[in-house]
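Trainee: Coordinates only, no sequence provided:
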Ligand SMILES: Nc1ncnc2c1ncn2[C@@H]1O[C@H](COP(=O)(O)OP(=O)(O)OP(=O)(O)O)[C@@H](O)[C@H]1O
C-alpha cells in the first residue's frame, strides 16, 4: 500500500528552480533514503510535505488523499535547521511538543520517558538543550520528532554529525518505526549508511528524481562485470570474445561483457585467466550506491531531462 505520494512538485525561489516535477512515493513500512548533492532539492521537498513551505504546483497525498493540516500533525519531522528551544529543559520540551500534538499530560510524559530512554538521553532530561553536545541535541531532536507517536517520519539529515554508536541507535529506531508499518523517509549524504538502511533509495539531481528503486534493483547493471585477481596484467583478456577490459591495476583486472556475450561468458573469462596464471579471486562486480550516485549525479547536466528519464527507466523505477 502506498502511504505517502509526492507527485510532480514544482518549486521556484525567485529565479532558482528548486524542484522540477519531483515525483516518488514512500510506502508503509519502508525506509526510503533520499540522496542528492547539496542544493538538489531534498529539504525543499520535505518542507513541502510538512506544509512549512508551499509548492508552486504538484500534490502531496497520503493514502490517496491530499495531505491536510490534520494528517500533517501525524508526521514526525526532523528539520535540517533543527528546531529545539535552546533554553528549555529536555523533558519539558518533549512533553510540551507532545501536548502540542494532542497527547494528554500523562501520555505526553510517558512518551517523553520512553523516547529519552530509547535514545540514551534519560540522564539529560533535566538539562537545557544548549548545554548538550551536538550529538545529544540531535538525539533530542529525534525524540521531538517521535514523541507524539507519529504515523509517518520525515527526517532531514538525521545522521549528520552523529558518532557511530548514535548512528546505530538512530538506525535501530528507524528500523523499528518501519517495522511497525510506518513510512520513513530520510535524507543523508552518508551513502554507505543509506545503502545499509534503506529498503528503497531515490537519487535526486537538480530538483528531479533521477533514479529510484530498491538497492538491489539499482545495482543491477545492463552488462555484467567481473573482477579477476591473479594474472600480473590484463593481456589474458585482451582478445577474449564477448568482453572488454574496463580497468587493470596490478594483478586485478575488471572485464565487462558486451552485447555479443554468451550467457556463460563468465566461464570463458575464468578459464582464460586460469590459463594465464593462478586466480586468487573471481567475483561479479556490482556498483555500490556511491558509484551509482556518482554516475547519476555527475551525468551530463546539459542533457538533464533526457538522461533523468533514462536513468529512472534503466534502473527500474518502482
Ligand atoms: N529559502 C530559500 N530561498 C532561496 N533559495 C532557496 C531557499 N531554500 C533553498 N533554496 C535553493 O533551492 C535549491 C534546493 O535547496 P534544498 O535546500 O532543498 O537542497 P538540499 O538537497 O536539501 O541540499 P543540502 O543537501 O545542501 O541540504 C538550492 O538551489 C537552494 O539554494
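Mentor: Happy to help now that I have it. Source: prediction; values computed, not measured.

Trainee: drop to CA atoms for contacts and neighbour counts, all remaining ones
Mentor: Fine.

Trainee: Which helix or strand contains the residue nearest the centre of the chain?
Mentor: The centroid of the chain falls nearest to residue 33 when counting by CA atoms, centre = their mean (1.7 Å). Element membership of residue 33 [criterion: DSSP states H and E] is strand 31-36.

Trainee: One more: residue 4?
Mentor: Element membership of residue 4 [criterion: DSSP H and E] is strand 2-13.

Trainee: next one: residue 186
Mentor: strand 184-187.

Trainee: Counting by contacts, list what that strand packs against.
Mentor: strand 31-36, strand 152-155, helix 164-179 (3 or more CA pairs under 8 Å, 6 or more residues apart in numbering; DSSP states H and E).

Trainee: C-terminal to the strand holding residue 33, what's the next element?
Mentor: Next helix or strand after strand 31-36 toward the C-terminus (DSSP H and E): helix 42-50.

Trainee: Could you check the pLDDT of the closest residue to residue 162 other than its chain neighbours?
Mentor: Spatial nearest neighbour of residue 162, excluding adjacent residues (CA to CA, 6 or more residues apart in numbering): residue 135 at 5.3 Å. Per-residue pLDDT puts residue 135 at 89.

Trainee: who's in contact with residue 135?
Mentor: Contacts for residue 135 were tallied using CA atoms under 8 Å, 6 or more residues apart in numbering; they are 161-163, 166.

Trainee: hang on, residue 3 packs against residue 29?
Mentor: No. Residue 3 is beyond contact range of residue 29, at 9.0 Å (criterion: CA atoms under 8 Å).

Trainee: For residue 65, see how far away residue 232 is.
Mentor: 61 Å (CA to CA, to the nearest Å).

Trainee: Looking at the two now, which is surrounded by more residues?
Mentor: residue 232 (16 against 13; other CA atoms under 10 Å).

Trainee: Measure how buried the nearest residue to the more buried one once chain neighbours are set aside is and give me the count.
Mentor: Of all residues not flanking residue 232 in the chain, residue 251 sits nearest, at 4.4 Å (CA to CA, 6+ apart). Applying other CA under 10 Å, we find 14 residues neighbouring residue 251.

Trainee: again, but for residue 57
Mentor: 14.

Trainee: and the chain, which residues reach the ligand?
Mentor: For the chain, the residues in contact with the ligand (CA under 6 Å from any ligand atom) are 13, 18, 36-44.

Trainee: residues contacting the residue in the stretch 201-318 of the chain that the ligand sits nearest to?
Mentor: Minimum separation of the stretch 201-318 of the chain from the ligand (CA to the nearest ligand atom) falls at residue 207, amounting to 6.9 Å. Contact analysis of residue 207 by CA under 8 Å, 6+ apart lists 17-22, 40-42.
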